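A.B. asks: coords please:
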Amino acid sequence: MMDVKGRWALGAALVATGVALAGCATTTVEPPAAEALAAVAETTPEPPVLVAEPVSSAGIAATDTYRIGIDDDIEVSVYGFDGLSVRQVVRPDGRIEIPVAGEIETLGLTPGELREQVARRLAGSFANPRITVVIRDYGSRRVNVIGQVQRPGSVTLGADRSLLRTLAAAGGLTDRADLRGALLVREGAAQPVGLDKLLEKGDLTQNVALQPNDTVIIPDVTDRKAIVLGEVAAPQVVSLKGDVSVLEVVASAQGFKRSSAKSRVRVVRGGVVDPQVFKIDADDVIGNGDVAQNMLLQDGDIVYVPKTVWATVIDTLSDVTHLVQPALFWTP
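C.D. replies: Numbering: from 1, shown residues only. As a prediction, the model looks like this:
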């Protein structure tokens, strides 16, 4: 429990928060970026165009495994008959329409299987038609990437459907990307994705495989802030990026003052209405390496560094001196 003086000082600091915010600079605390972060920014080529050429009676090539989906852009060419060649997007009913051959169900077929379907349809009108099927755009394999990436929008999944490769296809992360706040939305449900763990700690379990129609959200780090008040050199609002500890935030505020009571640092969480107060002994963290006390901050946390008792006494004596001194020299 905090003593009476501690509570009074903390309450005063919280009441003054609005005033402090008006005059505080904003600093972004950013942990060192791992080499993996640079890899995310690399440009990724579009998925290769799949082409199903005529095959022998032995059957379809073993590598022809892609299954056509709705919104895929397909080009069907008949050698020597330009009027029969078409380029269409697979309709919601899973079909495309080809002159003479009519409507063909394409959903779930490989390009080679579609080629065989078209060949059978045309066999009654043309002798040994030579047909080529090309997947021009994988519309059924699109995901949305929004937020702090260089090119937000729709991205086509390639053979590598990993989160990192998809972010690279979106141009990589911006310097305002919130690595801790990334979300994956799938079928209406949102789940956190630890980009900080993936990029900074190499946790490959976070490099999830994406599915068509997924949405990846990369928030803006400037939306996550903490406030540093009290006996620090430069009280301010601090933007949180990644895992940011109490001492890192104090360092961003140019460190403790000589008058700081480093053993009585407080972290206030939950606002002024129903605050949760954590006690931090920075002397113990620095001197004895008790890193467990150096807690990670959350959005909206307030770090308050009180004065030492001796500094408070000196300030009080100084105030009293300023009040009394004129009276000492006053004569009626």
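
A.B. asks: next SSE after whatever helix or strand residue 251 lives in?
C.D. replies: According to DSSP states H and E, residue 251 maps onto helix 246-252. Going down the chain from helix 246-252, the next helix or strand is strand 265-269, by DSSP H and E.

A.B. asks: Run the angle between the following helix or strand past that next one and strand 265-269 for me.
C.D. replies: Later in the chain than strand 265-269, the nearest helix or strand by DSSP H and E is strand 276-280. With axes from the mean of the first three to the mean of the last three C-alpha atoms, to 10 degrees as the basis, strand 276-280 and strand 265-269 are set at 160 degrees to each other.

A.B. asks: For strand 276-280, list every residue counted as buried.
C.D. replies: Of all the residues in strand 276-280, those buried under the rule 16 or more other C-beta atoms under 10 Å are 277, 280. From N, CA and C alone the C-beta is placed, and that goes for glycine too.

A.B. asks: And that strand, how far out from the chain middle?
C.D. replies: Relative to its chain's centre, strand 276-280 lies at 28 Å (C-alpha atoms, centre = their mean, to the nearest Å).

A.B. asks: what's the helix or strand following that strand packed up against?
C.D. replies: Using DSSP H and E, the helix or strand that directly follows strand 276-280 along the chain is helix 282-288. When contacts are defined as 3 or more C-beta pairs under 8 Å, 6 or more residues apart in numbering; DSSP states H and E, helix 282-288 packs onto helix 246-252.

A.B. asks: helices or strands up against the helix it packs on?
C.D. replies: Against helix 246-252 (3+ C-beta pairs under 8 Å, 6+ apart) you get strand 26-29, strand 225-230, strand 236-240, strand 265-269, helix 282-288, strand 302-305.

A.B. asks: out of these, nearest to residue 205?
C.D. replies: strand 236-240 (23.4 Å; C-beta to C-beta).

A.B. asks: which neighbours does the closest one have in its sheet, and in what orientation?
C.D. replies: Applying DSSP bridges, strand 236-240 is found paired with strand 26-29 (parallel), strand 225-230 (antiparallel).

A.B. asks: Poorly predicted segments of the stretch 51-200 of the chain, please.
C.D. replies: Residues of the stretch 51-200 of the chain meeting the criterion pLDDT under 70: 51-64.

A.B. asks: Turn the helices and strands packed on helix 246-252 into CSV, including distance to residue 83 and mean pLDDT.
C.D. replies: Formatted as CSV, the helices and strands packed on helix 246-252 follow (distance: least, C-beta to C-beta, whole Å; pLDDT from 0 to 100):
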stretch, distance to residue 83, mean pLDDT
strand 26-29, 61, 58
strand 225-230, 64, 86
strand 236-240, 61, 83
strand 265-269, 71, 90
helix 282-288, 78, 88
strand 302-305, 73, 90
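
A.B. asks: could these go into CSV alongside distance to residue 139?
C.D. replies: Putting the helices and strands packed on helix 246-252 into CSV (distance: least, C-beta to C-beta, whole Å) gives the following:
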stretch, distance to residue 139
strand 26-29, 38
strand 225-230, 40
strand 236-240, 38
strand 265-269, 46
helix 282-288, 54
strand 302-305, 49
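
A.B. asks: of all the ones you listed, which lies closest to residue 163?
C.D. replies: So among these, strand 236-240 is nearest, using C-beta to C-beta, at 21.9 Å.

A.B. asks: domains of this structure?
C.D. replies: 4-30+224-315, 35-45+141-220, 50-137 (automatic domain parsing).

A.B. asks: so residue 83 sits in a helix?
C.D. replies: Yes - under DSSP: H, G, I helix; E, B strand; the rest coil, residue 83 sits within a helix.

A.B. asks: what ranges do the helices span in the stretch 101-250 of the chain?
C.D. replies: 111-122, 163-169, 195-201, 246-252 (DSSP state H, counting those that start in this stretch).

A.B. asks: Single out the most deeply packed of these.
C.D. replies: helix 163-169 (a mean of 23; mean count of other C-beta atoms under 10 Å).

A.B. asks: for that helix, packing partners?
C.D. replies: Packed on helix 163-169, when contacts are counted by 3+ C-beta pairs under 8 Å, 6+ apart, are helix 35-40, strand 142-147, strand 153-156, strand 215-218.

A.B. asks: now for these, which one comes closest to residue 308?
C.D. replies: Nearest to residue 308, of the helices and strands packed on helix 163-169 and by C-beta to C-beta, is helix 35-40 at 41.0 Å.

A.B. asks: low pLDDT regions in the stretch 201-332 of the chain?
C.D. replies: 271-273, 309-332.

A.B. asks: Mind putting the helices of the stretch 101-250 of the chain into JSON lines with distance to residue 134?
C.D. replies: Formatted as JSON lines, the helices of the stretch 101-250 of the chain follow (distance: least, C-beta to C-beta, whole Å):
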{"stretch": "helix 111-122", "distance to residue 134": "8"}
{"stretch": "helix 163-169", "distance to residue 134": "21"}
{"stretch": "helix 195-201", "distance to residue 134": "35"}
{"stretch": "helix 246-252", "distance to residue 134": "53"}
